[in-house]
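Enquirer: Got a sequence here, can you model it:
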Amino acid sequence: MIGFSQFEVLAQLQSRFAEHADAGRRVEWLGAGAHALRLSERAADLAVRTAIAPAIELQQRATSTSGTVAAISLIFSPPFDLAEHLDGKRRDNLRAAHVSAARMALQHIEEWSAVLVEHGEPTRPSGIVCALCMADRAFVLEMLILGWAIAADRRWGLLDGWSIVAQIGAAESMYASELGRRLAAQAVRMVWLGPSTARLKPMLWPETEPRLSIESMMQDLELRRGAK
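Expert: Predicted structure coming up:
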């Protein structure tokens, strides 16, 4: 459900942004790093240039680039067959659930990624930069996690790509769980046929009480940790 690849150099990343622009795909900027750069307020071309700007200086003064990349690409595709769900409203509801579940997976990756500061020491970032790229009404989406982030000291540092790769399995599980929860709220359930294949079936009765979401459970865990 989550395909993974990486871009080693900035030219590859710039080329991918150009491909999305030529295809008319919309880019939504996510992450606290994107918010700090105010990317959502800028025109498309300027937003891309602004997003890439911190990387140039970082790569010039980096003492070590081991484990760093220009960007990591995550391709999210729903595990179910859409052929039986072609009516507009149902497709829109399925798409909204799919996108929301993908955002939840990204939130997990952001919380557990690491950024390399001076002398290559890893620390938790306070904000990554991610571009969510997809066409209107499409289901397959690409998340481009740029290879730099804001560290806890508010300075930019290079992301440790290995810290992201290590969380893809957990992110995929969270994506599937959140997608199932959101579909259940629409009286639809996923019946798993294999590791990455599922079928949608109407529920005999919709859930009357909402289940706890992954986000609320994580928040509850953080509160418990803080109370200790």
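Enquirer: correct me, but residue 102 touches residue 75?
Expert: No: using C-beta atoms under 8 Å, residue 102 makes no contact with residue 75, being 10.0 Å away. For glycine as for every other residue, the C-beta is placed from the backbone atoms N, C-alpha and C.
Enquirer: who's more crowded, those two?
Expert: residue 102 (27 against 13; other C-beta atoms under 10 Å).
Enquirer: OK, contacts around the more buried one?
Expert: By C-beta atoms under 8 Å, 6 or more residues apart in numbering, the contact set of residue 102 is 76, 132, 141, 143, 175.
Enquirer: quick one: which of the residues you listed is nearest residue 123?
Expert: Residue 123 has its nearest neighbour among the contacts of residue 102 in residue 143, at 22.7 Å by C-beta to C-beta.
Enquirer: was I right about the closest one contacting residue 128?
Expert: No: in this structure residue 143 lies outside contact range of residue 128 using C-beta under 8 Å: 10.6 Å.
Enquirer: Which positions within the longest helix anywhere in the chain qualify as buried?
Expert: Counting residues, the longest helix found in the chain (DSSP state H) is helix 88-112. Residues of helix 88-112 classed as buried: 93-95, 97-99, 101-110 (neighbour count, 16 or more other C-beta atoms under 10 Å).
Enquirer: likewise stretch 32-44?
Expert: 32, 33, 34, 36, 37, 39.
Enquirer: out of those residues, which are inside helices?
Expert: Among those, the members found in helices (DSSP H) are 32, 33, 34, 36.
Enquirer: circling back: walk me through which strands the following helix or strand past the longest helix of the chain pairs with, and which way each runs.
Expert: On the C-terminal side of helix 88-112, the closest following helix or strand by DSSP states H and E is strand 115-116. If you go by DSSP bridges, strand 115-116 pairs up with strand 122-123 (antiparallel), strand 156-159 (antiparallel).
Enquirer: hmm, back to that, I'd like the ones in helices among the buried residues of stretch 32-44 written out as a markdown table, with pLDDT and distance to residue 68 added.
Expert: Formatted as a markdown table, those follow (pLDDT from 0 to 100; distance: C-beta to C-beta, whole Å):
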| residue | pLDDT | distance to residue 68 |
| --- | --- | --- |
| 32 | 88 | 19 |
| 33 | 90 | 15 |
| 34 | 93 | 19 |
| 36 | 90 | 20 |
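Enquirer: Compile the residues you listed into JSON lines and extend it with columns for distance to residue 115.
Expert: What follows is those, written out as JSON lines (distance: C-beta to C-beta, whole Å):
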{"residue": "32", "distance to residue 115": "12"}
{"residue": "33", "distance to residue 115": "10"}
{"residue": "34", "distance to residue 115": "15"}
{"residue": "36", "distance to residue 115": "13"}
